[in-house]
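A.B. asks: just to be clear, the model below is a prediction. Sequence and coordinates:
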Amino acid sequence: MQFIHSWWAYLVLLVLIISVILSLVGLTSKKDYGATDFRLALFTLIVSHIQLLIGIVLYFVAPWFKAFGEVGMGGVMKDSTLRLYLVEHPLIMIISVILITVGYSKHKKKLTSRPKFKTLAIFYTLALIFMLSRIPWSSWF
C-alpha cells in the first residue's frame, strides 16, 4: 500500500505542477480557457482525491499508526518523525486536497477565461506549496 501511495504521489505532483504552470501561463498570456485546460484541472482533482483515499487507508494500516497506542499523543508530538507521519503530513495533505477541490469548484463558476485561470492559479499553487512542505522527502530518496 505504501508503494502505491508513494508512486501515485509522483503523478499527483507532476499533474499539479503542470496545472499550476499552465494556469499561470494562461493568466499572463491572456489565452482562452479551453477544453484541455478544463480536463487538466479535472484530472488534477481526480488524482489528488485518489491519493487522499489511498493515504487514508495507509494511515490506518501502516505501522506508524500503532504509535498512538504505544506512546500516546504526547509521545507522538515529541517525536519529529512520528509527528510528521501521523499529524503534519496527513493534515497538510487533506488541506491541500481541499484547496484543489475548492479551486476547481470556484473556477467552474467563472464565466470568462482570466478569472478561471486566476482561481486555478491561486488555489492550485497554494496546494502545491502546502504539499511540498510536508512530503517526507527522506523516505522518497
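C.D. replies: Structure received. Keep in mind that what you see is a predicted model, and the values were worked out from it rather than measured.

A.B. asks: and the helix or strand containing Tyr124, what does it pack onto?
C.D. replies: Assigned by DSSP states H and E, Tyr124 belongs to helix 113-133. For helix 113-133, the packing partners by 3 or more CB pairs under 8 Å, 6 or more residues apart in numbering; DSSP states H and E come out as helix 2-29, helix 35-61, helix 89-109. For the C-beta atoms, the positions are set from N, CA and C on the backbone; glycine is no exception.

A.B. asks: CA atoms only: put it into CSV for me.
C.D. replies: Taking C-alpha atoms only, helix 113-133 is exported to CSV below (Å, rounded to 0.1, in the frame of the first residue of the first chain):
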residue,chain,number,x,y,z
SER,A,113,-11.0,32.8,-19.1
ARG,A,114,-9.0,35.2,-17.0
PRO,A,115,-10.9,34.6,-13.7
LYS,A,116,-10.9,30.9,-14.4
PHE,A,117,-7.1,30.8,-14.8
LYS,A,118,-6.6,33.2,-11.8
THR,A,119,-8.7,31.0,-9.5
LEU,A,120,-6.9,27.8,-10.5
ALA,A,121,-3.5,29.5,-10.2
ILE,A,122,-4.2,30.7,-6.7
PHE,A,123,-5.7,27.6,-5.2
TYR,A,124,-3.5,25.0,-7.1
THR,A,125,-0.3,27.0,-6.3
LEU,A,126,-1.3,27.1,-2.6
ALA,A,127,-2.0,23.4,-2.6
LEU,A,128,1.4,22.7,-4.3
ILE,A,129,3.3,24.8,-1.8
PHE,A,130,1.5,23.0,1.1
MET,A,131,2.2,19.6,-0.4
LEU,A,132,5.8,20.3,-1.0
SER,A,133,6.2,21.5,2.6
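
A.B. asks: what comes up buried for it?
C.D. replies: 113, 116-128, 130-131 (16 or more other CB atoms under 10 Å).

A.B. asks: same check on stretch 76-92?
C.D. replies: Buried residues in stretch 76-92 (16+ other CB under 10 Å): 76, 82-86, 89-90, 92.

A.B. asks: what about the lowest-mean-pLDDT helix or strand in the chain, distance to the chain center?
C.D. replies: When each helix and strand of the chain is scored by mean pLDDT, DSSP states H and E, helix 137-140 comes last, with a mean of 74. Relative to its chain's centre, helix 137-140 lies at 17 Å (CA atoms, centre = their mean, to the nearest Å).
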